[in-house]
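Colleague: Make a model of this:
(2 chains)
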Amino acid sequence: MTTEPSLFDRLGGHPAIAAATELFYRKVLADPLLSPYFDDVDMDHQIAKQAAFLTMVLDGPNHYSGRDLRSAHAGLPGLTDEHVDRVISHLALTLRELGVADGDIAAAGAVAASVRDDVLNR
Amino acid sequence: MLLTFGGRGYELRAGESVLEGLARHGVGLPAACRAGVCHSCLLRAESGDPGEAGRDRLKATLAASGYFLACLARPVTDVTVAPAADVFTPATLLRRKWLAPDVLAVWLRPRRLVPFRAGQHVTLDRGCGVIRPYSIANRPAEAARAGLEFHVRVYPGGAMSGWLAAARPGAKLGVGVPTGECFYLPGDPAAPLLLAGTGTGIAPLAAIAHDALAQGHHGPAVVIQGAAEPARLYAAGPLVRGHVRHDGRPAVRWRSCVRSRGEDIGDVVVAEYAALTETAAARAYLCGGAGSVARMRRALFLAGMPLRSIQADEFVAARTAG
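Modeller: Residues are numbered from 1 along each chain as shown, chains lettered A, B, ... in the order given. Predicted coordinates:
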């Protein structure tokens, strides 16, 4: 238990996450390595999932789990560590644009990296 | 979970929607989009709880009256449900006019006023379980005078469009509850407006543009009409022209985007967006085929437009239940 506010709260809670999610999702969609996976995906559903993912890595109140990530990515062909690295890099760039300190970015990146095996179904 | 419909009980499997469950038992409800958009599969719960998911795409007044969407509803208790026939307002076909070889304008006079905002859509019910969503092509003030106007893409053998193509004035239909988020929001009369659509999607967009002007909008507005080939740019002029500002300049600019000329509607909306001097306040309205709307929305989003500034209405092709 910690009494220190989470990065989620320090960023401004849900409204800030909504803005961050758009920045993040735009980077992911613009990435030629990642965008083919989103061609036939409903943007509204996807942005809700991205918001849940960001809330998770920023230590906000969330119900997202490794199991959700495992089932969400199951059946996607050809996912590799490179895809995960790319997503973590877009996450870091998004947080940097929002003025988040390096230490916090590293912490969020570590949470994202911790679900790597779920995403890659290992 | 037990679902009672028409006096008979049907077992629902876990996670199955009301629409899917009934279809599995051979009961085909009217349905088109299966995604909570078109409202063709509206039902009313007489007892039991059809679940929150079936309600959250409905107007609060409808949800509070027990209505829900069968395509999204996953009941949490045993439920007894009934067709939502009473949400349809009886209406009479006033007149029809061919706007293009495959686009028919129809005007319907509902028995009582159906309040709506320009750009919204309704379901039309011709009986026999044939219910289809259509966008309203005129504004409330015009509809009060001339009847509700719809531009119907006529498909050979279409259960609704084929019937309308052969119907005579005086024919009876039901008009459902107007719905949809694609309408003009007052509050920023100087904001640039991008209105882009394909096929008959241009009809609600023209209504939105005219509604914006009627509400005092004075920011730049452009209507982009997309079509597969030049001959399919139906009714382009009359829909958009004829509205001039006090200074005599057109209040709404119109441009076409024709695929057979190699023009891509996603590229064209982004070019129009990029050409704006004030992008932060810009709003986009997108209507038409699901594929082209999704492409435009994604292109605008990638060009930097926030999703909340984009109102989109995807037309869905009818699919038969089961």
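
Colleague: When you work out contacts or count neighbours from here on, use the C-alpha atoms and nothing else.
Modeller: Will do.

Colleague: Please work out which residue of chain B is closest to chain A.
Modeller: B:L302 (5.6 Å; Cα to the nearest Cα).

Colleague: Phi and psi next, for that residue.
Modeller: phi -70, psi -30 (degrees, to the nearest 10).

Colleague: looking at it, it is touching A:V28, isn't it?
Modeller: No - using Cα atoms under 8 Å, B:L302 is not in contact with A:V28; the gap is 9.9 Å.

Colleague: which residues does the residue nearest to A:L98 when sequence neighbours are not counted contact?
Modeller: Among residues not flanking A:L98 along the chain, A:A20 sits closest, at 7.7 Å (Cα to Cα, 6 or more residues apart in numbering or on different chains). Contact partners of A:A20, counting by Cα atoms under 8 Å, 6 or more residues apart in numbering or on different chains, are A:94-95, A:98.

Colleague: do B:A209 as well
Modeller: Each residue near B:A209 by Cα under 8 Å, 6+ apart is listed here: B:184, B:195, B:221, B:223, B:240, B:252.

Colleague: quick one: it and A:D40, what's the gap?
Modeller: With the distance defined as Cα to Cα, to the nearest Å, B:A209 ends up 30 Å from A:D40.

Colleague: Over to A:A30?
Modeller: Distance, A:A30 to A:D40, by Cα to Cα: 15 Å.

Colleague: now swap in A:D102 and tell me
Modeller: From A:D102 over to A:D40 (counting by Cα to Cα), the distance is 35 Å.

Colleague: and what of B:L43?
Modeller: According to Cα to Cα, B:L43 stands 29 Å off from A:D40.

Colleague: Please identify which of the two sits among more neighbours.
Modeller: B:L43 (24 against 9; other Cα atoms under 10 Å in any protein chain shown).

Colleague: Doesn't the more buried one lie inside a strand?
Modeller: Yes - with DSSP: H, G, I helix; E, B strand; the rest coil as the criterion, B:L43 is part of a strand.

Colleague: May I have the beta-bridge partners of it?
Modeller: Going by DSSP bridges, B:L43 is paired in beta bridges with B:F68, B:P83.

Colleague: give the contact list for it.
Modeller: B:L43 sits next to B:67-70, B:81-84 when contact means Cα under 8 Å, 6+ apart.

Colleague: Turn these into JSON lines, columns for neighbour count.
Modeller: As requested, those are arranged in JSON lines below (neighbours: other Cα atoms under 10 Å in any protein chain shown):
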{"residue": "B:Y67", "neighbour count": "25"}
{"residue": "B:F68", "neighbour count": "31"}
{"residue": "B:L69", "neighbour count": "30"}
{"residue": "B:A70", "neighbour count": "31"}
{"residue": "B:V81", "neighbour count": "24"}
{"residue": "B:A82", "neighbour count": "16"}
{"residue": "B:P83", "neighbour count": "16"}
{"residue": "B:A84", "neighbour count": "17"}
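
Colleague: Next, the buried residues of the helix or strand containing A:H90.
Modeller: A:H90 is part of helix A:81-97 when elements are defined by DSSP states H and E. Buried residues in helix A:81-97, counted by 16 or more other Cα atoms under 10 Å in any protein chain shown: A:83-84, A:86-88, A:90-95.

Colleague: Okay, and B:P133 sits in which element?
Modeller: strand B:131-135.

Colleague: Strand partners (parallel or antiparallel) of that strand?
Modeller: Taking DSSP bridges as the criterion, strand B:131-135 sits next to strand B:121-125 (antiparallel) in its sheet.

Colleague: In strands, which of the contacts of B:A209 fall?
Modeller: Within the contacts of B:A209, residues falling in strands by DSSP state E are B:195, B:221, B:223.

Colleague: any chance of those in JSON lines, plus neighbour count and pLDDT?
Modeller: Putting the ones in strands among the contacts of B:A209 into JSON lines (neighbours: other Cα atoms under 10 Å in any protein chain shown; pLDDT from 0 to 100) gives the following:
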{"residue": "B:L195", "neighbour count": "28", "pLDDT": "96"}
{"residue": "B:A221", "neighbour count": "24", "pLDDT": "92"}
{"residue": "B:V223", "neighbour count": "25", "pLDDT": "93"}
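
Colleague: restrict the residues you listed to those near chain A?
Modeller: Among those, no residue sits close to chain A (Cα under 8 Å from any Cα of the partner chain).

Colleague: could I get these as CSV with distance to B:E52?
Modeller: Formatted as CSV, those follow (distance: Cα to Cα, whole Å):
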residue, distance to B:E52
B:L195, 33
B:A221, 38
B:V223, 37
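
Colleague: Where does pLDDT dip in chain A?
Modeller: Within chain A, the segments meeting pLDDT under 70 span A:1-3.

Colleague: Just the closest residue of it to chain B, please.
Modeller: A:R26 (5.6 Å).

Colleague: The contacts of B:A209: which two are farthest apart?
Modeller: Using Cα to Cα, the pair of those lying farthest apart is B:Y184 and B:V240, separated by 15.7 Å.

Colleague: Now A:L7. Nearest residue, chain neighbours left out?
Modeller: Per Cα to Cα, 6+ apart, closest to A:L7 is A:L58, 5.4 Å.

Colleague: what's the one you found in contact with, if anything?
Modeller: Counted by Cα under 8 Å, 6+ apart, A:L58 has contacts A:6-8, A:108.

Colleague: Ramachandran angles for it?
Modeller: A:L58 has phi and psi values of phi -100, psi 10 when expressed as degrees, to the nearest 10.

Colleague: One more: B:V37?
Modeller: Main-chain torsions, B:V37, degrees, to the nearest 10: phi -100, psi -50.

Colleague: ok so, going back, from the contacts of B:L43, which has minimum pLDDT?
Modeller: Within the set of those, pLDDT is lowest for B:A84 (79).
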